[in-house]
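Engineer: Coordinates only, no sequence provided:
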């Protein structure tokens, strides 16, 4: 996820995002930065387009955000290498609605030469919404 840009104005000033990932940009957009405790946090605001037919956040949106967060948490480890999701598992804990502040926190639990293991939690206005784990694999080519 190198090639991050830092937003310089507006609501997300000081937050980073990766605009070259068109799926995440169009799905979110999602942002991240280091919190007061030095740990990375990812955020976005829930909009009507993130909701399912029942009026709650679509599970696919939550998992897309969790996937973004996993790569943000592992960015220092993946470095210049391209990487892909090998596994992403989530447990839905509660719903989210339009206007909710969605936040993901987490950590790399193990990193080898190729595989990186991540776990985290997505909250909606501070209420646990999705717990997730992921395995990321570095691929052999350098990022463009």
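Structural biologist: Nice, I can see it. Just so it is clear, the structure is predicted and the values come from calculations on it, not from any experiment. Numbering: from 1, shown residues only.
Engineer: Tell me the helices and strands packed up against the lowest-mean-pLDDT helix or strand in the chain.
Structural biologist: Lowest on mean pLDDT, DSSP states H and E among the helices and strands of the chain sits helix 22-27, with a mean of 84. Helix 22-27 is packed against helix 59-73, with contacts defined by 3 or more C-beta pairs under 8 Å, 6 or more residues apart in numbering; DSSP states H and E. C-beta: built from backbone N, CA, C; applies to glycine.
Engineer: pLDDT (mean, whole number) over the helix or strand following the helix it packs on?
Structural biologist: Later in the chain than helix 59-73, the nearest helix or strand by DSSP states H and E is helix 75-78. Mean pLDDT, computed over helix 75-78, is 87.
Engineer: mind checking how far the nearest residue to residue 58 once chain neighbours are set aside is from residue 60?
Structural biologist: Nearest residue to residue 58, sequence neighbours excluded (C-beta to C-beta, 6 or more residues apart in numbering): residue 52, at 4.3 Å. Here residue 52 is placed at a distance of 9 Å from residue 60 (C-beta to C-beta, to the nearest Å).
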